[in-house]
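Quick one, structure for this:
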Amino acid sequence: MRRITVIILITAVLIGPEIFHARAQQTGARQAAPLQSANSSVPDVNALAAIVFPGVKSAPSHFGVYLGHGLVLTNWHPWTLDGRVYTEADPPISPSRSVPVYDADGNTDPGEDLLTLTDCGDQWLPLADAGTDCAPFARVDGAGFVFPMAENAVNSDPVPVEALIYANRTHDIALFAVDAGTVEALGVQPAHLSLAPTGADHAVVIAYQGGDLIPATLPTGTPALLPREDGDRLGGPWRVPSLVLTTFDPLPHGGPVFDAESGDLIGLTWRAGDDDPASTWMTPAAVWGHALFAANDEINSAALSAVLAETVAAPVDGAPTVGDPLAPSLGNSGIDVLHTTLDLDFDLDSGTLHGVAALDMRATLHRLYTFTLDANGLEIERVTINNQDAPFAAKPLKLLIQLPEAVDYGTEFQIIITYHADLEPVQSPFMPYVRIGLYQSGEWVFALNQPDGASAWFPCNDHPGDRSTYDFRLRVPADLTAAANGTPLADTVHDDGTFTAHWRLDQPIATYLVVVAVGPYALVEDQTANGLPLRHYVYPDAADAGRAVFSYTDDTIPLFEDLFGPYPFDSYGHIIAPVSAAALETATLSLMPASLLDGSEEDSFPLMAHELSHQWFGDTVTPGTWADIWLNEGFATHAEWLALEERYGPQSAFAARTVSEEILTRGVWPDPMVDPAPTAMFTAISYDKGGWLLHMLRREIGDEVFFTLLHTYFA
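Now for the predicted structure:
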């Protein structure tokens, strides 16, 4: 389909009292006796806001609530239209206008600035620079709010929208700036946001179109995901948990739901049904309210800060999952691990390690009280938080920890966990053909974590969505070598015939990319032309073979820098491990099988190029969930072909693609590349399908645009 941009000239409209009842009258809805705010049992609230657009003559169908300080909160729906077109009361949602959750890392990531841009055909321009043929990603020009529950509001001019300052499609909320003085001169009393959880039969009142307050109750306190068929109908991956309201229909889209006793805002109505009362849902503030705290890390809005300071909250428990669609048991909500220090004392005779893990972390839920970490079979001895003993409960896969008291969003604290672990890998449901975790083979110890093996040897938030910097202190016998991610620092020698090797990684990585290795290694050192240190750890009798096979690194790092962008770490190298058929892109030190050194450099080159390219795509640009694993493996497979073409010529790359093509055409690969089956993550679906998609894209758009795309994606 060819995109057509439609621009409508719009004019102002005055809103009369009859407008607010028009929709209910037109649909023949059942009329219930409203509860008036004069009733002493009903809170005095008048913060209902109705969005109106110039040129739209029908009754408003989208509503919101005034939070004070010049901010109005609404549902997402109207702000995802193509350009300035507004032609129907319930417009379809446009997935192309999705804006991701703000990630609070201090960096502007792709998509976070869409709300300030316009699509001008061949380029994106800021709103201030856009011409009349440009389509804003956020359609707010000319929109305004009226406040039907406030005195004299119905017949007054709409309060203009000044800006859309935040939108979150996952949680179905949008936040607008208006002039606070103009709103409050109308007598509007702001609603205080409440994040306290609601229970079954919780009494609420709902602000209705005509300025009435409608009583309702919540039949359950357990949020339920929206039905799949409804998510499909709405055109996007909606996952906002909702509670069904028992009341009459229809209710306004985005109408505020107030606590019947306090008048606090506890939710918004969502996708009100005209025919079925059971299709009217409430999205609880207890679910989406925390997203406003996270958004303000980057928005840095004084108005939003003031609203959040007035928010009513109760202690909350971080969920023992982040809701990964492919691996729903992994990860933990409510925390962001910032730095991890691992003190590991290896006992090779008993096949165990004694560990002390210090995790510097930040609360990502407001009033966080308990949280979990992934801890697969670890023997937990003690947990402290800020040097105070903390209650904990060790489960088979999770470690539940209680803070001394509930902490505000953004509070930083340190947790120290003392534990024991076996030097024994575990079976993962996502990696059925190889065990993962920490291996021991005689004097050799090494970690192979992808995707969830790290938690079998240290407590962590074992999910790629949470990245941390690291310090490693590895205590081993004096005649062995110990290596880990990052840069080696000064060793500490002990009187008992052991020493502690200290390594540090200053760039944040996911837990599956962490590596430690112990053994009688020989170190082969080198550097690139611009001085990047290269360290290769090989068997003692394989130094010459390692030097020959790994010689490619000096040339391939600059090649990938030309193709992708600057190398993202402070060093690179390889660790040879006694594993027969596995390699892993562990950050700064790729883990390689011992068989790699048995062949020629040309035989080994594709695997080495694959793992090296992951330092860009996977180790630095890391998927938010495992459902996007092809963004790791497809890019690395394609990078192999690019490197082969550069080093050995086009025929070498053609031969590699031919092998990949045969794998795809001879096998049966029914799973989609995005969000495959959990056991299909590390198959040809992610590797070969992904590599071929990129190769076809290159042929479609041409080399110049394609390689600009790779640079832009990485940046």
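
okay, CA-based contacts and neighbour counts for the rest of this
Fine.

hey, which helix is longest across this structure?
helix 630-648 (DSSP state H).

List the buried residues of the next helix or strand after that one.
For helix 630-648, the succeeding helix or strand toward the C-terminus, using DSSP states H and E, is helix 650-666. Within helix 650-666, the residues scored as buried using 16 or more other Cα atoms under 10 Å are Ser652, Ala653, Ala656, Arg657, Ser660, Leu664.

How are the helices of the chain distributed by residue range?
Ranges of helices in the chain, per DSSP H, are 17-27, 180-184, 228-233, 285-299, 302-309, 543-549, 553-564, 601-613, 630-648, 650-666, 688-701, 703-714.

what's the closest of those to Phe145?
helix 180-184 (9.1 Å; Cα to Cα).

export the helices of the chain to a markdown table and tack on distance to Phe63 and mean pLDDT?
Converted to a markdown table, the helices of the chain look like this (distance: least, Cα to Cα, whole Å; pLDDT from 0 to 100):
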| stretch | distance to Phe63 | mean pLDDT |
| --- | --- | --- |
| helix 17-27 | 11 | 31 |
| helix 180-184 | 15 | 94 |
| helix 228-233 | 21 | 39 |
| helix 285-299 | 16 | 87 |
| helix 302-309 | 19 | 96 |
| helix 543-549 | 65 | 92 |
| helix 553-564 | 45 | 95 |
| helix 601-613 | 48 | 93 |
| helix 630-648 | 39 | 96 |
| helix 650-666 | 50 | 94 |
| helix 688-701 | 43 | 96 |
| helix 703-714 | 37 | 95 |
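
Need those helices in a markdown table (columns: distance to Ala490).
What follows is these, written out as a markdown table (distance: least, Cα to Cα, whole Å):
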| stretch | distance to Ala490 |
| --- | --- |
| helix 17-27 | 73 |
| helix 180-184 | 58 |
| helix 228-233 | 55 |
| helix 285-299 | 37 |
| helix 302-309 | 44 |
| helix 543-549 | 24 |
| helix 553-564 | 26 |
| helix 601-613 | 27 |
| helix 630-648 | 34 |
| helix 650-666 | 43 |
| helix 688-701 | 42 |
| helix 703-714 | 33 |
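
Alpha carbons of the longest helix of the chain, as CSV, please.
Output of helix 630-648 as CSV, limited to C-alpha atoms (Å, rounded to 0.1, in the frame of the first residue of the first chain):
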residue,chain,number,x,y,z
TRP,A,630,16.9,-13.0,16.3
LEU,A,631,18.3,-9.4,16.7
ASN,A,632,21.3,-11.1,18.3
GLU,A,633,21.7,-14.2,16.2
GLY,A,634,20.4,-13.0,12.8
PHE,A,635,22.8,-10.0,12.9
ALA,A,636,25.7,-12.1,14.0
THR,A,637,25.0,-14.7,11.2
HIS,A,638,24.9,-11.9,8.7
ALA,A,639,28.1,-10.4,10.1
GLU,A,640,29.8,-13.7,9.4
TRP,A,641,29.0,-13.3,5.7
LEU,A,642,30.2,-9.7,5.7
ALA,A,643,33.5,-10.7,7.3
LEU,A,644,34.0,-13.7,5.0
GLU,A,645,33.4,-11.5,1.9
GLU,A,646,36.0,-9.0,3.1
ARG,A,647,38.6,-11.5,4.2
TYR,A,648,38.3,-14.3,1.6
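
Next, the angle helix 650-666 makes with it.
Note on geometry: by axes from the mean of the first three to the mean of the last three Cα atoms, to 10 degrees, helix 630-648 and helix 650-666 are set 150 degrees apart in direction.
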